[in-house]
Structures are given as structure tokens and as C-alpha cells.
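**Q** What shape does this take:
(chains A and B, ligands or ions: 2)
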Amino acid sequence: MGKTVVAEHLSAFFGEHQILHDVSLEMQANQVTAIIGPSGCGKSTFIRCMNRLHETVARATMTGRVLLDDENVYEANSVWVRRTIGMVFQKPNPFPAMSIFDNVAAGLRLNGIRKKSVLAEQVERSLHMSALWDEVKDRLSAPSASLSGGQQQRLCIARALAIEPAVLLMDEPASALDPISTLRIEELIEEIKCQYTIVIVTHNLQQAARVADTTAFFLSGEIIEYGRTTDMFTTPSDKRTEDYVTGRFG
Amino acid sequence: MKSIWSAWSKNQLDRLFSSILLTFCLVIILIVGTIVYELVSRSALAILHFGFHFLTGQVWDPVHQVFGALPFIYGTVVSSVIGVILASIVGIATAILLTQYGSWRWLDLISILVELLAAIPSVVYGLWGIFILAPWLRQSVEPILNRGLGFLPLFQGQGYGVGMLAAGIILAVMILPTITAVVRDVMQAVPNELKDGALALGATKQEMVSLAILPQAKRGILGAIMLALGRALGETMAVTMVIGNRPQIAASLFAPGYSMASVIANEFTEATSKLYESSLYEIGLVLFLLTVVFYSLARLLVWRIRLQMRVNA
Ligand SMILES: Nc1ncnc2c1ncn2[C@@H]1O[C@H](COP(=O)(O)OP(=O)(O)O)[C@@H](O)[C@H]1O
Ligand SMILES: [Mg+2]
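**A** Ligands and ions are numbered 1, 2, ... in the order given. The predicted structure follows:
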């Protein structure tokens, strides 16, 4: 089951440089929240604050709170946080030296699961969920680098889903992919959203319109507008949102 | 007309320039060629006289004109291997620290200190080895090793301070900058996405290093080790000062030994007979070949990584 993620008064910095300015946002459980905005406005930084990846970058700091169903993420163990809040990145990043199977099993093994049957079952289940199973079931021991870009991205989704997180962060998961692979990933989001809280960063507005229940518009490290996706695209209340969604800038 | 003339003369200038460059290149080729030729031709006497036994013979007796190089080959290889093992442990650990624990504020200082090690002249290492390292080994380290691990032949017998272990440690310190710098660069070249990928699965820092960094950096680490080995094999001065200079093969690391580079440096002036001199040349040839092999392996490994990095970029 998904968990609701709430960001409260989040400010994020790289050194002296402030990227996010007092951002608050609620990402509902079992819904898809899209984050849109021009590039460089802090979308990646924002979702990397959710699973505490931001703090792993040298000189990166933040203030504010992130709640995961009332639990303060920044008072919890960061390893636990990242196991509960999975993430898929812009560029497919399977471990190149590992096989397809081992990639999906990597997170399970980190969790101390060693039993072959359990691993095999979880790996198959995750690959089914990411709609990759049929394409790779005969070559699970092949190197992950032998897959196409779209397949690699679905492999990364399977890897993230294998440890059964409550939240799945997706940072422009389809931006490096062809239209067919993009479509597959959107279908996938549709299928799994009943079980997860999904936060997807996208610069593709149609994609946000297709997959998201709610959408937040970021500009220069601030949230300009936040609401139901249909409202955002049809009757935006802020002039800047309107300009952005109608393609007048960005 | 004029423009054709000036174009032609420019062309000629260009050709002149490139032939000057070519000449300088030829000088390098000539030097390498001469060295190889001289090594081979001057070793010929010893090669013909002793044949393959030169490499397996354990006796080095100038008085009776019997020359076997095995103790020197053994000394060079063993001291270098000790050096490389010790330097790899410290160097890889340092490189992990330098690249993965970026927030620690002493890191710059460590980085500079490691690079400074490379600037210290060999003879200074030798002095340090004689006056500080060797007494310390004799009084503290060797007795402790002997007590704790004395059941291994490696750590048996009387410790004199100077010997194989001292040479290995000196070499380790000397090649540490190489290993650290190359491994650091290789680790820095691992894409951040892979680190993020591991961390996002809930890997601890240490799990991230073994999941994302080491498999990627493996080949480069091996290259760094080969490169360092190539350096260690040929190192002369500091090793000569601490290895003990006794042509013997002893199981114990406490025992004195001798290295190929050291015997050449020490005995060249006293090589009175043709065969003696030729034997020293043949040791030089063996050392040269050994070094070339490791340098080539290192280049091959590091070069392939560079290629990989370019493909990824
Ligand atoms: N590692 C970093 N170090 C310093 N500045 C960074 C780093 N990553 C991103 N930034 C800066 O932070 C700002 C926001 O980046 P990001 O969150 O990636 O934007 P988006 O995902 O919306 O394109 C940009 O101005 C970018 O230059
Ligand atoms: Mg981004």
C-alpha cells in the first residue's frame, strides 16, 4: 500500500546556492502526482529530498520536513527511508557488470534475502510488473547492458519495485526513451498506481495530463500552482501556469 | 601566380616543420632501439655461456665465475609484491575515502600529502628506511610478527631490520601515490547515476561502494596495480639501501635479500671479467623485459577504461 508523502517548508541548497524556496506539497497515497516545470527549476532536487538522496551530494543541504504517513523522514534511518521510497532515474542506470536477474535481485540481497526460491519469485513478480518478463525470461543471466534503453529503464523500475517500496519517485523516467517505450512505462504507471504513491517528474506535459491525478507546477524553486491535473491544464489560476501549459515558455 | 607561390612555400614550410618533428621522434626510437640492442648484444656472452641456467641458478660467485640470477629475480619480485600488496590496501582505501566521503574536511590535506610522497627523492626514502624503518622493524614489528605468526615460514628467524620486509615497505610507500591517484581517478569516473542507483535501493555507503563502484573500477584498479608493480620492479636506490644486499633465497621476509636493480648498481664498477659484466647486462635485460610486460598490461587495462569512458560519455 502506498503512503502519503508530505513535504513541509522545504528549502534546498547546493553550497550557498539556494535551489528550493520553502516548498510544501502533499503527495497522496495511491495516486500519481506529476511535477512539471522548466528545466533547472529544482524538480529533481525536490524529489531527491524525499528519499534523502539530496544529502549524499557534497555540500548539499536542506531545511524543512518530509513526512511519510506522519513519520518524519529526516528523523528516520536514511537506509530505511530509501528502501521505503524507491526511485527511478532519468537515465537508465542498471548495474552494468550484473546480469538482468542480479540487477532486480540487488535490493533484495541488500535486505538480506538469500534464499534462491524467494529471490527467483520476487524477481519474476517485479519483472512482470514492469512488463519486461516476456522479453527477458529466457536470458535472465545475460548482462543488463545487452538490453535496449527502454528495456533497461523497465529493468530499473523492476529493481525499484522488487523491494516493495510504498512510494515510487520517477525522475523523467521516459525522457531518454522512444515513444513506444514511453507508452509502455505510462501503462505501467497506470497499472501499479493502486498499490503505490507515485511521484513523476516530467517535462512532457501530455504525459502529465495522461498519467497524473494531481500536478504541481514548479518555477525557479517555488511551487506556483498545485491541483487536479485536469484543472491545471484547463483552468489554471496563475498566469505563469497558463503560459507554461499552453507552451508560451519553458 | 604569387598566391600559388606562397601556398607552395607554406606547404614546404609545413613539410619542413613536420620533418623536424619526425627527427625528434626518431631520436626517441633510436634511444630505445640502442638500449635494447646494447642490452641484448652485451648479454650475449652470458646468455651463450649459461643458457637458461642463468635464470635458475642460485649461486652468484664472481671469484669462480659462476653467475645465477635467481636470488635477484626472487628479491625483486618478492619485495615488489610485498610493496604492491601493502600499497594496494592503503591506496584503495584512501581512494575510496577521497572519492566517496566527500564531506570530510581533511580530504584535501590527505590528497596533497599523498601527492607529496611522490616528490620525495628515492635516496631520502632509503635514509629513512635505514635510520627509522629498519630499527623499528627490528625492535618492534618483527618480534611481534614472529610471536603472532611465527608458525608461517614467512615470519620465522632473526629479524635484522634490513631485509625483504623493509624493502617491501619502502616500495609500498613509494608507489602509494601512483596507486592512490590512479584508483581515485578510476573511481571518480564511475558515473554518479550508478551511485544514486545503489543508494536509492537503500544501500549503505559501504554497500554502495561494493555494488556500484568496485565492479566498475575493478579493471582500472588492476591497471593501477600493474603500473605500480612496473615501478616497484625497477626501483633501485631506496631498495639497495634497505634490502640487505645478500644474494640468497630465504623463505623468511625478515632475511636479507638482493634485487636485480641493486646488484647492477652495486657491482657494475667491480665487474672485472667480461663474463661478470655480461651477466650484469643480462640481469638488466631480464629486468627490462619484466618491467615492459607489466607496463604493457597496465597500459592495456587503463587504456581500455579510457576507451570505455569515451564510449559512455
Ligand atoms: N550537484 C549539483 N551541484 C550544484 N548545483 C546543482 C547540482 N545539481 C543541480 N544543481 C543546480 O540546481 C538547480 C536545479 O537542478 P535540478 O533540480 O536538477 O532541476 P530540474 O530537475 O528541474 O531540471 C539547477 O540550477 C542546477 O544547476
Ligand atoms: Mg531533473
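
**Q** In chain B, mark out all the strands, start to finish.
**A** B:60-61, B:66-67 (DSSP state E).

**Q** right, I mislabeled it, should have said chain A
**A** For chain A, the strands defined by DSSP E occupy A:5-14, A:17-27, A:32-36, A:60-68, A:71-72, A:85-88, A:167-171, A:197-201, A:214-219, A:222-228.

**Q** ok, back up a step: highest average neighbour count across the strands of chain B?
**A** Most buried of those, by mean neighbour count (mean count of other CB atoms under 10 Å in any protein chain shown): strand B:66-67, with a mean of 18. For every residue, glycine as well, the C-beta is placed using N, CA and C.

**Q** what residues are up against A:Glu124?
**A** A:Trp133, A:Lys137 (CB atoms under 8 Å, 6 or more residues apart in numbering or on different chains).

**Q** so how far is ligand 1 from it?
**A** Between A:Glu124 and ligand 1 the computed distance is 33 Å (CB to the nearest ligand atom, to the nearest Å).

**Q** confidence score at that residue?
**A** Looking at A:Glu124, its pLDDT is 95.

**Q** That one and A:Ala105: what is the separation?
**A** Distance, A:Glu124 to A:Ala105, by CB to CB, to the nearest Å: 11 Å.

**Q** re earlier: between the strands of chain B, which one is closest to B:Trp106.
**A** Across the strands of chain B, B:Trp106 has its closest neighbour in strand B:60-61 (48.0 Å, CB to CB).

**Q** and the closest one, average pLDDT?
**A** Mean predicted lDDT for strand B:60-61 stands at 91.

**Q** what residues does the stretch 51-200 of chain B put near ligand 1?
**A** Within the stretch 51-200 of chain B, no position lies close to ligand 1 (CB under 6 Å from any ligand atom).

**Q** ok, the residue nearest to the spatial centre of chain B - contacts?
**A** For chain B, the residue nearest the mean C-alpha position is B:Arg231 (2.2 Å; CA atoms, centre = their mean). Contacts here follow CB under 8 Å, 6+ apart; on that basis B:Arg231 touches B:Met174, B:Ile175, B:Thr178.

**Q** Now do the contacts for the last one.
**A** B:Thr178 makes contacts with B:Gly91, B:Ala118, B:Ala224, B:Leu227, B:Ala228, B:Arg231, as judged by CB under 8 Å, 6+ apart.

**Q** Which of those residues fall within helices?
**A** Counting by DSSP state H, the part of the contacts of B:Thr178 found in helices is B:Gly91, B:Ala224, B:Leu227, B:Ala228, B:Arg231.

**Q** Share the number of residues neighbouring the third one, please.
**A** In this case it means B:Leu227. Neighbours of B:Leu227 under the rule other CB atoms under 10 Å in any protein chain shown: 21.

**Q** quick one: it and B:Leu300 touch, right?
**A** No - the criterion here is CB atoms under 8 Å, and B:Leu227 misses it with B:Leu300 at 11.0 Å.

**Q** Where does pLDDT dip in chain A?
**A** Scanning chain A for pLDDT under 70 picks out the ranges A:249-250.

**Q** Point out the residues in it that sit beside chain B.
**A** Residues of chain A lying close to chain B (CB under 8 Å from any CB of the partner chain) are A:51, A:53, A:56, A:58-59, A:79-80, A:82-83, A:86-87, A:89, A:91, A:93-98, A:106-107, A:110-111, A:156, A:159-160, A:163.

**Q** can you put the strands of chain A in a markdown table and add distance to B:Leu30 and mean neighbour count?
**A** Shown next, in a markdown table, are the strands of chain A (distance: least, CB to CB, whole Å; neighbours: other CB atoms under 10 Å in any protein chain shown):
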| stretch | distance to B:Leu30 | mean neighbour count |
| --- | --- | --- |
| strand A:5-14 | 54 | 18 |
| strand A:17-27 | 56 | 17 |
| strand A:32-36 | 65 | 27 |
| strand A:60-68 | 55 | 17 |
| strand A:71-72 | 72 | 12 |
| strand A:85-88 | 59 | 26 |
| strand A:167-171 | 58 | 25 |
| strand A:197-201 | 61 | 25 |
| strand A:214-219 | 65 | 24 |
| strand A:222-228 | 68 | 17 |
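
**Q** can I get those strands in TSV with distance to A:Gly42?
**A** TSV is the format used below for the strands of chain A (distance: least, CB to CB, whole Å):
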stretch	distance to A:Gly42
strand A:5-14	7
strand A:17-27	5
strand A:32-36	10
strand A:60-68	11
strand A:71-72	22
strand A:85-88	16
strand A:167-171	12
strand A:197-201	10
strand A:214-219	6
strand A:222-228	8
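
**Q** Tell me what the closest residue to A:Pro173 other than its chain neighbours is bridged to.
**A** Nearest residue to A:Pro173, sequence neighbours excluded (CB to CB, 6 or more residues apart in numbering or on different chains): A:Val88, at 4.9 Å. For A:Val88, the beta-bridge partners under DSSP bridges are A:Met170.

**Q** and if you look at A:Val5?
**A** Taking DSSP bridges as the rule, A:Val5 bridges to A:Met27, A:Leu68.

**Q** contacting residues around it?
**A** A:Glu26, A:Met27, A:Met50, A:Val66, A:Leu67, A:Leu68, A:Ile85, A:Val167, A:Thr197, A:Val199.

**Q** Go through those residues and name the one nearest A:Asp178.
**A** For the contacts of A:Val5, the nearest to A:Asp178 is A:Val199 (23.6 Å; CB to CB).

**Q** quick one: that closest one and A:Leu169 touch, right?
**A** Yes - counting by CB under 8 Å, A:Leu169 is a contact partner of A:Val199 at 5.0 Å.

**Q** got any residues that touch both of those two?
**A** A:Ile47, A:Met50.

**Q** who in chain A is up against ligand 1?
**A** Contact residues (CB under 6 Å from any ligand atom) of chain A with ligand 1: A:Phe14, A:Ile19, A:Gly37, A:Ser39, A:Gly40, A:Cys41, A:Gly42, A:Lys43, A:Ser44, A:Thr45, A:Val57.

**Q** okay, now the residue lying closest to the fourth one once chain neighbours are set aside: neighbour count?
**A** Sequence neighbours aside, A:His203 is the residue nearest to A:Ser39 in space, at 6.4 Å (criterion: CB to CB, 6+ apart). Counted with other CB under 10 Å, residues neighbouring A:His203 total 15.
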